[in-house]
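**Student:** Below: sequence and its predicted model.
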Amino acid sequence: MAATLPIVKIKKTVWILLIIFILYFGGLYIYRNHKVTNENRWIREAHKIVIVEEHHEVLKYWFEAAESGIIPKSGNTLFHIDGHSDFAMPDVSAAYPPFFRWPTKGWKDIRYMMQRNDAFIQAAIMSGLFSRIIWVWPSWDIKSPGDHEANYSRYHGETGWFFDNRHNKMKKRFICICMYPFNHNSTNINKDKECMYMDEERAHEEKEKDPSYGLEDSRTCQIERYYTMEEVEEIEALKNLSHGGFFEPNESVLLDVDEDYFGCESVAESQLMNHQIPWNLIRKIDEYLALLICPKSASQEIQADRIFANIILFLVQNCDFSNGKHSTKYSKQCHTTSFLDKLSKSTVKKFEKKRLLCKSKYIKAKTSFRNILKTILKLTKSQVKALIDVGFCMRTSPRTMTFNEMPFFQVCHGSNIPNESMVIFHSSTQKELDDRMHRLDKILSHPGCPKSKLTTVCRSSRDGYTPRGQFKQIEKRLVKLLRTTGAVDKKSAVVYDEQLLGGPRGWPGRHLAILNKIK
């Protein structure tokens, strides 16, 4: 009996070690995935309102809803209420494999699909998620040249592959789209089709702003997906609903609203250039920041912006800024190298402490900060206030496919750059905003408009589309409208995505206390 005791002890020890191993690595797995599990547990229930920052971030929630059985994995209708069609084609790259199939690899595939804020609908179509797209556009978008043939248009849509041997005699593949009228009378459909593809490289070589190119022969687009595309002006949408039959019984509809439906502005023009801040100075600051500050999340983005706001306030309180015309006269201490070096050094330490500096041995942080400070010192007090108000943020969401390749931090002016943007701008008056809310209320409360099992709302603030001065009013009234119209349940929870610019409260108004100190 005594001889068997060591064996019993060994077996007991093995079992204890095995249990510890399971608990440790099992706990580690749960810990690593807790963030995702905790963030996504709501998706198991239908009728939720999800608010995201950039429009391609809705893909995460759409596919989670499909995987959870909230909506089918195919054959859905997207009811897209937006100031823009967002119907661009995704780019083809070796790193983007989930073409024309369901994203079976989960987040990895979905991340590759999150390329831009205007290419997410085609990405979803290519997966099979949608077979019908209804884009409701605001009446102010009639100003878009060539965008709308009528108040209501319906097309057959096809998406597939196009192979071009123009690139060094090597075939390069592109995604192509073909459209033709729904009620076409021609016996030769190929003649009615208008097909196109996008080639950014070619547009750059030819110095063209628009990277889309038509296909002379529609048969060169090898079709993989078929769907219906409808474009309807907001007033016409209500008429179509009143006529009946616009939606089929039990049609699976996903409602998606962009806040820029209520207006679209350029932050660069409305908040920076209106204060006569030279655009070349903003460009300089952007260039220094891009290689200097590298936040990895919206929470770090807020920290970096707050540090800069306080540094600028320090400059205003200790240096001589002119309140009138542009001036180069500063107090002597602010103009000295020793002052700028000392302030730059302390600033670097603040960013280091928060782990916000880019990890690159080539960066000379103190020199870059000194150059930024010199640039800011060229502004007037009113211009400085405008700069603090606009703030500093990431160029795009951390979820964007190219974020790790280009984690640029910049003045938060968005994507609509002077002389570079093709976007149509429209500043809505209060009456226009009220009227548009009223019309949307009528559309979504109409008996012929089905209830959406998932509603996504895009804030479009970081990319500079939604008017920041009206953002809070728009979002508050929109959420209330969605609940009261019956588009979603009245008690539907609002889920604020963790990567929202400025968090749930948003970006505007975050520095009121600092701005009030600048007289």
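**Tutor:** Alright, I've got the coordinates. Here the structure is a predicted model, which means the values were calculated and not measured.

**Student:** center of this protein, which residue is that?
**Tutor:** Nearest to the geometric centre of the chain sits Glu54, at 1.6 Å (Cα atoms, centre = their mean).

**Student:** need the contact list for that residue.
**Tutor:** 117, 396-397, 399-400, 458, 460, 462-463 (Cβ atoms under 8 Å, 6 or more residues apart in numbering). Using the backbone N, CA and C atoms, a C-beta is placed for each residue, glycine as well.

**Student:** Roughly how far does it sit from Thr466?
**Tutor:** Distance from Glu54 to Thr466, counting by Cβ to Cβ, to the nearest Å: 11 Å.

**Student:** ok, now Ile474?
**Tutor:** 7 Å.

**Student:** Can you work out which residues contact both of those two?
**Tutor:** 259, 262.

**Student:** give me the element Met89 is part of.
**Tutor:** Per DSSP states H and E, Met89 falls between elements, in no helix or strand.

**Student:** do the same with Asn371
**Tutor:** helix 365-376.

**Student:** Can I get that helix in CSV, CA atoms only?
**Tutor:** Extracted in CSV, the C-alpha atoms of helix 365-376 (Å, rounded to 0.1, in the frame of the first residue of the first chain):
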residue,chain,number,x,y,z
ALA,A,365,9.2,64.7,-31.6
LYS,A,366,10.5,67.9,-30.0
THR,A,367,11.4,69.5,-33.3
SER,A,368,8.0,68.6,-34.8
PHE,A,369,6.1,70.1,-31.8
ARG,A,370,8.2,73.2,-32.0
ASN,A,371,7.2,73.6,-35.7
ILE,A,372,3.5,73.1,-34.7
LEU,A,373,3.8,75.8,-32.0
LYS,A,374,5.5,78.2,-34.4
THR,A,375,2.6,77.7,-36.9
ILE,A,376,-0.1,78.2,-34.3
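
**Student:** Arg154 contacts Asn240, correct?
**Tutor:** No: look at Arg154 against Asn240 with Cβ atoms under 8 Å: they stay out of range, at 10.3 Å.

**Student:** So for these two, which sits in the more crowded spot?
**Tutor:** Ranked by neighbour count (other Cβ atoms under 10 Å), Arg154 and Asn240 place Asn240 first, with 20 against 14.

**Student:** and the longest strand anywhere in the chain, which strands flank it?
**Tutor:** When the chain is parsed with DSSP state E, its longest strand is strand 152-167. Strand 152-167 sits in its sheet next to strand 170-181 (antiparallel), strand 222-233 (antiparallel), going by DSSP bridges.

**Student:** Mean pLDDT, distance to Glu251 and mean neighbour count added to those, as JSON lines?
**Tutor:** Listed next are the strands paired with strand 152-167 as JSON lines, based on pLDDT from 0 to 100; distance: least, Cβ to Cβ, whole Å; neighbours: other Cβ atoms under 10 Å:
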{"stretch": "strand 170-181", "mean pLDDT": "86", "distance to Glu251": "22", "mean neighbour count": "18"}
{"stretch": "strand 222-233", "mean pLDDT": "95", "distance to Glu251": "12", "mean neighbour count": "18"}
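
**Student:** Between those strands, which one is closest to Glu265.
**Tutor:** strand 222-233 (21.1 Å; Cβ to Cβ).

**Student:** Next secondary structure element downstream of that closest one?
**Tutor:** Taking DSSP H and E, what comes next after strand 222-233 is helix 234-243.

**Student:** Who are the packing partners of that following helix?
**Tutor:** strand 130-137, helix 430-445 (3 or more Cβ pairs under 8 Å, 6 or more residues apart in numbering; DSSP states H and E).

**Student:** Quick check: closest non-adjacent residue to Asp141.
**Tutor:** In space, and not counting its chain neighbours, Asp141 is closest to Gly83: 6.0 Å by Cβ to Cβ, 6 or more residues apart in numbering.

**Student:** Tell me who's in contact with Trp140.
**Tutor:** Trp140 neighbours (Cβ under 8 Å, 6+ apart): 83, 263, 426, 428, 432.

**Student:** Which of the three states applies to Thr402?
**Tutor:** Under DSSP: H, G, I helix; E, B strand; the rest coil, the three-state class of Thr402 is coil.

**Student:** Could I get the contacting residues of it?
**Tutor:** Counting by Cβ under 8 Å, 6+ apart, Thr402 touches 115, 396.

**Student:** going forward, begin numbering at 2 instead of 1
**Tutor:** Renumbered: residue one is now 2, and that last one reads Thr403.

**Student:** tell me the angle of the strand or helix carrying Leu255 relative to strand 131-138?
**Tutor:** If you go by DSSP H and E, Leu255 is part of strand 254-259. Here the directions of strand 254-259 and strand 131-138 differ by 40 degrees (axes from the mean of the first three to the mean of the last three Cα atoms, to 10 degrees).

**Student:** what does strand 254-259 contact?
**Tutor:** For strand 254-259, using Cβ under 8 Å, 6+ apart, the contacting residues are 56, 59, 63, 66, 72, 77-85, 87, 131, 248, 445, 451-459, 461, 466-467, 479, 483, 488-489.

**Student:** Name the next helix or strand following it along the chain.
**Tutor:** Next along the chain after strand 254-259, taking DSSP H and E as the criterion, comes helix 268.

**Student:** What lies in contact with that next one?
**Tutor:** The contact list for helix 268 (Cβ under 8 Å, 6+ apart) reads 391, 413-415, 417, 465, 469.

**Student:** which of these are buried?
**Tutor:** The neighbour count (16 or more other Cβ atoms under 10 Å) marks 391, 413-415, 417, 465, 469 as buried among these.

**Student:** ok so, going back, just want to know which of Ile475 and Thr467 has more residues nearby.
**Tutor:** Between Ile475 and Thr467, counting by other Cβ under 10 Å, Thr467 is the more crowded of the two (27 against 23).

**Student:** From Pro451, how far out is that one?
**Tutor:** For Thr467, the distance to Pro451 - Cβ to Cβ - is 26 Å.

**Student:** Low-confidence ranges, this protein, go.
**Tutor:** 2-48, 95-99, 144-148, 167-171, 185-189, 323-333, 361-364, 407-408, 420, 422 (pLDDT under 70).
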